[in-house]
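Student: I would like the atomic coordinates for the input below:
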Amino acid sequence: VQTIMANVADKGKSITDVNKALDELNEYADLTIYNFTEMTRNIGTFTAAGVDLKTSATAIKGIANLAAGSGSSSLQASTAMYQLSQALAAGTLKLMDWNSVVNAGMGGELFQKALEKTAKELGHGRDMSVSFRDSLESGWITSKVLITTLEKFANDKSLLEAATQVKTFTQLLDTMKESVQSGWAQTWENIIGNKDQAAAFFTAVSNGFGSIMGPI
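Tutor: Next up, the predicted model:
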């Protein structure tokens, strides 16, 4: 939360806005096989790349849905989230970024066709006379193309259905763990408050303890 706030506070976003975005991601994580902790960390990298808070949260969902449609694991989805955030920071997705997406098992035809379609809709499709990989050096996958494509994935019902299907015992344990973590997170927030409230509480406790121990 501290990292995200540092990236969005100058855009007029408050702790309430951040908590709302994280609550939406947490709800998504509880419904799917993907990890809220990883998504929270990566939303920080997206906002650091200049993507606004709401779009960042939507893009994270889009990547997770794409991972589900591609058969990739939670860890692979996290790797792709980080690499794509670096591409956003650079302004375009290049071959090095794409290689990481491929290594995460998410660089198949589903993602390629979606990127091509979005780029064409935005008025700058790729050179079809060369291979997909070779075309990347021209920079046709801009931040706008990438974000728009991920937003489409986030709202794709068939991909969301794939993300909510628990296919293995390991995935079952992961989803159960996510639910438990969500419950504990809400419990602790009820007790000590959000980031600002918790900071005020623990600072007061620390100062009180210091005033008692200092004279000893």
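
Student: excluding its backbone neighbours, what's nearest His124?
Tutor: Leaving aside its chain neighbours, His124 sits nearest to Trp140 (5.9 Å; criterion: CB to CB, 6 or more residues apart in numbering). Quick note: C-beta positions are derived from backbone N, CA and C, even for glycine.

Student: just to be sure, the one you found is in a helix?
Tutor: No: assignment of Trp140 by DSSP: H, G, I helix; E, B strand; the rest coil gives coil, placing it outside any helix.

Student: list the contacts for it?
Tutor: 92, 119, 124-127 (CB atoms under 8 Å, 6 or more residues apart in numbering).

Student: closest to Phe46 among those?
Tutor: The nearest member of the contacts of Trp140 to Phe46, counting by CB to CB, is Thr92 at 15.8 Å.

Student: distance of the closest residue to that closest one other than its chain neighbours from Lys94?
Tutor: Nearest non-adjacent residue to Thr92, counting by CB to CB, 6+ apart: Gly139, 4.1 Å away. Using CB to CB, to the nearest Å, one gets 7 Å for the distance from Gly139 to Lys94.

Student: average pLDDT for stretch 159-169?
Tutor: Per-residue pLDDT over stretch 159-169 has a mean of 75.

Student: same check, this time on stretch 53-65
Tutor: 89.

Student: low-confidence ranges in this protein?
Tutor: 33, 165-169, 171-176, 178-184, 214-216 (pLDDT under 70).

Student: quick check, central residue of the protein?
Tutor: Using CA atoms, centre = their mean, the residue of the chain that lies closest to the mean C-alpha position is Ile60, 3.0 Å off.

Student: buried residues in the helix or strand hosting that residue?
Tutor: Using DSSP states H and E, Ile60 falls within helix 53-70. Under the neighbour-count criterion of 16 or more other CB atoms under 10 Å, helix 53-70 has 53, 55-70 buried.
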